[in-house]
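1. okay, here's the prediction I keep looking at, along with the sequence it came from:
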Amino acid sequence: MLKKSDMTRVLLNSYNYSVLYYLRKDLSLKEESVFLIKYCVDCNNFNFSNALDNLLKVKSKVPKELIKNTEDLIKGDPNAIFNELMCNIYFQAVREEYIDFSGRIFRFNESVFKYMFAVSEFDRVDFYSKQMDKRYQLKLLSDKYHIHNNNIIFAIEEYFKKKNKNMDIVNGVLNDNMRQLVNLRHNSIVGHGFFSVGYDDIVEAYAEPQKVIHDLKRILSKIGLELFEEKYDIINGIILNGGEFEIKK
């Protein structure tokens, strides 16, 4: 049988914060660690205001970049939001939750297109502004550019074709392998059907899940976004250290 510390480490290595929070008493986790675990649960559910509340309950030293990241998430900062989405995608790959993995890939593609369009039209945007609203963008595309496709991805694709702009990114998102991967989502329970999605399906459609993630990161780099990739590994280290950021000697 695994020791409590080993069980905690196993759950952290799989970023399974919900189970860890549920088992917090059985694993004798310290209060500071529990606040951090609940912070992760809230972030994974995109409840960033609650996440910050829990982070600020941690009495020991917390890295400044972690606080800033959470404040940026509340503001809808594109770097922070895309980083959280990428972490979400990575967690599902680690946990082999491939239906949700494919669903997040679809959300990633749509979000990248909406973001590129908003930046092209308005320069600076946050994710909670009307400029990122799908209906607002479709109306603008229709009224201003006479693009009447109700599929936001294909409408924005047409927009960039007219502008002859960002086509390397557009083609990277809409290549045949990515389309096959998105089709897995469409046919699954998070799309329009009941088909399963497994590891072999991901590999056949595109590549190893980690290769998919690598390509998504490359797309974000091309559009000038920066990721805080070590975020959850920093948090895991603090939790394993009993909620203390400073390593005890």
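-> Great, that's in hand.
2. pLDDT score for the residue nearest the centre of the chain?
-> What sits nearest the mean C-alpha location of the chain, by C-alpha atoms, centre = their mean, is L85, with 0.7 Å. Note on L85: pLDDT of 98.
3. other SSEs contacting the helix or strand where I99 lies?
-> Here I99, judged by DSSP states H and E, is contained in helix 98-122. Applying 3 or more C-beta pairs under 8 Å, 6 or more residues apart in numbering; DSSP states H and E, one finds that helix 98-122 makes contact with helix 78-94, helix 134-145, helix 152-163, helix 167-173, helix 176-186, helix 199-205, helix 209-222. Every C-beta, even on glycine, is put in place using the N, C-alpha and C of the backbone.
4. please state the offset of it from the chain centre?
-> Put simply, helix 98-122 sits 10 Å off its chain's centre (C-alpha atoms, centre = their mean, to the nearest Å).
5. quick one, it and helix 152-163 angle?
-> 40 degrees (axes from the mean of the first three to the mean of the last three C-alpha atoms, to 10 degrees).
6. buried residues in helix 98-122?
-> Judged by neighbour count (16 or more other C-beta atoms under 10 Å), helix 98-122 contains these buried residues: 98-106, 108-119.
7. how many degrees apart are it and helix 176-186 in direction?
-> Using the same axes, to 10 degrees: helix 98-122 against helix 176-186 is 120 degrees.
8. start the count at 47 instead of 1 going forward.
-> With 47 as the first residue, the last one maps to helix 144-168.
9. pLDDT of helix 144-168, averaged?
-> The average pLDDT for helix 144-168 rounds to 96.
10. rewinding a little: which among the helices and strands packed on helix 144-168 is found nearest to T116?
-> Shortest distance between T116 and the helices and strands packed on helix 144-168, using C-beta to C-beta, is found for helix 124-140: 8.1 Å.
11. break the protein into its domains for me.
-> The record's domain parsing of the chain by automatic domain parsing lists 50-127+276-286, 142-268.
12. mind putting those domains in TSV, distance to I135 included?
-> Converted to TSV, the domains of the chain look like this (distance: least, C-beta to C-beta, whole Å):
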stretch	distance to I135
domain 50-127+276-286	11
domain 142-268	5
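13. show me the one of those domains that comes nearest Y136.
-> domain 142-268 (5.9 Å).
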